[in-house]
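J.: Structure of the sequence below:
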Amino acid sequence: MILNSIKRIWKNPDHRTVISNTLSLSGLQVANTLLPLITVPYVVRVIGPANYGLIAFAQAFVTYFVLLVNYGFDLSASREIAQVRDDNSKLNEVFWSVLWTKSFLFLVSTLMFAVALTTIPQLRANRQVFMASYLVLVGYVAFPTWLFQGMEKLGMTAILNFIVKLAFTVGIFAFLRDRNQYIVVPLLSSGGQILAGGLAVIYATRKLVPDFKGPKISKIIGELKQGWTVFVSTVFINFYTASNTVILGFFAAQEDVGYFTGGLKIVLAIQALVLYPLVQAAYPHIGKLMKEQREKGLAYIKKMSLVIVAVTIPVSVGLLVLAPFIVRIVLGPEFVPSVYVLRILSPFPVVIGLSNVWGIQGVLNLNEDRAFLRTIIVGSVLNLVLNLTLAGPLKEVGTSLSWLFTEIYITTAFFFVMRRSGIELFDIAFYKNWIHSGLVSREV
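T.: Numbers count the residues shown, from 1 in each chain. Model prediction:
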């Protein structure tokens with residue numbers, strides 16, 4: 001009976017694309033998640049908490065510039081690509097407009113970074129680490145994730161991300177030997193991203209958008225205007241996520257940053273393994289449905305909410321209970337304080353999973369960009385206040401608590417935005433009917 005239901009779901013074209021994308025991403029995401037889990041135990045043991053914290057501080061700071069060159073295109077441009085992907089002329093036009101816009105933003109970022117490097121003492125004292133970390137921007141400029149998302153070719157994104165992780169893993173074991181070689185870590189990280197970006201743009205320009213179009217000021221300005229609201233939203237989202245590490249880096253010792261980053265890495269790795277394939281595959285599909293058949297798109301969002309809860313609650317409980325064992329195995333005895341970080345952040349898979357479904361998949365696809373932006377701005381201010389209050393006295397524990405409270409607020413706010421739009425996410429009758437339909441082999 002259940003097998004017949006699965007067959008019917010697979011035969012339904014509305015489901016098949018998302019399922020196939022999810023399965024292809026899942027297999028590669030396992031590899032993409034396992035590779036860092038292989039390297040992290042080695043890296044932290046070789047370079048120690050202090051150097052690990054310094055690298056995390058540098059990479060978090062560089063994230064601000066990554067935000068600028070990406071400009072929220074993974075959301076705004078992927079939505080635009082999804083709408084024109086059947087028109088080759090418009091597809092080429094959008095691709096080259098976005099790529100030239102990112103190149104322009106890279107020049108702006110480089111000037112800003114050079115000023116920061118020469119004027120901020122903490123950066124100037126460790127300029128080699130920050131410069132090595134900054135090189136990753138070249139890869140992000142070239143990598144058209146937004147194109148692959150909009151065309152629902154996410155398998156290619158996963159393959160190229162796997163190449164990044166594999167190159168980094170091989171390089172770490174080949175070149176990192178002692179604590180004085182910690183500069184190797186950001187160099188390899190940037191080098192892997194550059195390699196993937198180069199391969200991605202070569203594939204895109206040969207297979208998907210072969211008609212070259214030169215830069216046009218009007219097109220660049222158009223892309224900047226069109227993506228502005230989403231860009232500001234993503235800036236605030238990542239501002240508070242990156243700023244957690246940056247603020248801690250200014251308030252606490254490098255070891256404390258290392259403890260926080262160590263615990264966070266574990267949570268994010270597990271979260272990526274569980275959530276990334278599903279949400280990345282669903283976003284362009286839901287966007288298309290919301291444009292053509294709004295009710296079907298809303299039904300997908302409701303179904304995903306239930307799936308997310310069912311999958312992530314056991315994961316979060318496992319992280320909470322097994323935190324001491326996980327930290328000891330992954331990070332080693334020098335990272336005992338990371339146990340507290342891991343336990344505080346253990347609800348992340350549930351909270352962020354629902355936040356993504358209700359916010360990214362729901363609010364943005366409803367074109368409630370301004371409501372999305374307001375929610376993120378308030379969350380960012382809340383996180384900043386909490387961090388400035390708690391990071392000093394509580395160090396990595398204070399930063400972890402600040403982030404958790406912020407994510408809970410944002411997820412709750414997205415729920416009420418959806419509800420205000422007339423969408424009842426706690427629709428018990430809908431869920432009972434969906435589950436019952438599956439069990440009795442009706443059409444899903």
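J.: all helices of the stretch 251-400 of the chain, in order?
T.: Counting by DSSP state H, counting those that start in this stretch, the stretch 251-400 of the chain has helices at residues 254-292, 294-330, 338-344, 348-355, 369-394, 396-420.
J.: quick one: contacts for residue 206?
T.: Going by CB atoms under 8 Å, 6 or more residues apart in numbering, residue 206 touches no other residue. The C-beta positions use only the backbone N, C-alpha and C, and glycine is treated the same way.
J.: From residue 199, how far off is it?
T.: Going from residue 206 to residue 199 by CB to CB, to the nearest Å gives 11 Å.
J.: what about residue 294, how many neighbours?
T.: Using other CB atoms under 10 Å, residue 294 has 12 other residues around it.
J.: Compute the distance between it and residue 286, please.
T.: For residue 294 relative to residue 286 (CB to CB), the value is 11 Å.
J.: cool, residue 186 as well?
T.: 36 Å.
J.: Ok, residue 239 next?
T.: 26 Å.
J.: quick one, which of the two is more surrounded?
T.: Applying other CB under 10 Å to residue 239 and residue 286 shows that residue 286 carries more neighbours, namely 25 against 21.
J.: Just give the number of residues close to the spatially closest residue to residue 134 that is not a sequence neighbour.
T.: Of all residues not flanking residue 134 in the chain, residue 62 sits nearest, at 5.3 Å (CB to CB, 6 or more residues apart in numbering). By the criterion of other CB under 10 Å, residue 62 has 24 neighbours.
J.: How about residue 377?
T.: Residues lying near residue 377 (other CB under 10 Å) number 17.
J.: ok, it touching residue 239?
T.: No - taking CB atoms under 8 Å as the definition, residue 377 is not a contact partner of residue 239, at 9.6 Å.
J.: Lowest mean pLDDT among the helices and strands, pick that one out for this protein.
T.: Lowest mean confidence among the helices and strands of the chain (mean pLDDT, DSSP states H and E): helix 2-11, at a mean of 44.
J.: which residues sit against stretch 81-98?
T.: Residues outside stretch 81-98 that contact it (CB under 8 Å, 6+ apart): 73, 77, 80, 144, 146-147, 149-152, 204, 208-216, 219-220, 222-223, 284, 287-288, 291.
J.: Helices of the stretch 51-200 of the chain, residue ranges please.
T.: Taking DSSP H, counting those that start in this stretch as the criterion, the stretch 51-200 of the chain carries its helices at 73-84, 88-119, 121-124, 127-134, 136-142, 145-150, 154-175, 184-203.
J.: quick one: the second one to chain centroid distance?
T.: Put simply, helix 88-119 sits 20 Å off its chain's centre (CA atoms, centre = their mean, to the nearest Å).
J.: Identify the residue nearest residue 193 in space, chain neighbours excluded?
T.: Using CB to CB, 6+ apart and skipping residues adjacent in sequence, the residue nearest residue 193 is residue 139, 3.1 Å away.
J.: Tell me how far the one you found lies from residue 231.
T.: Distance of residue 139 to residue 231, given as CB to CB: 20 Å.
J.: got it, and residue 216?
T.: Relative to residue 231, residue 216 is positioned 20 Å away (CB to CB).
J.: What of residue 251?
T.: 28 Å.
J.: How about residue 411?
T.: Counting by CB to CB, the gap from residue 411 to residue 231 is 22 Å.
J.: for residue 211, same thing?
T.: 27 Å.
J.: Just want to know which of those two has more residues nearby.
T.: residue 231 (21 against 12).
J.: what angle do the helix or strand hosting the more buried one and helix 73-84 make?
T.: Secondary structure from DSSP states H and E places residue 231 in helix 228-251. Per axes from the mean of the first three to the mean of the last three CA atoms, to 10 degrees, the angle that helix 228-251 makes with helix 73-84 is 160 degrees.
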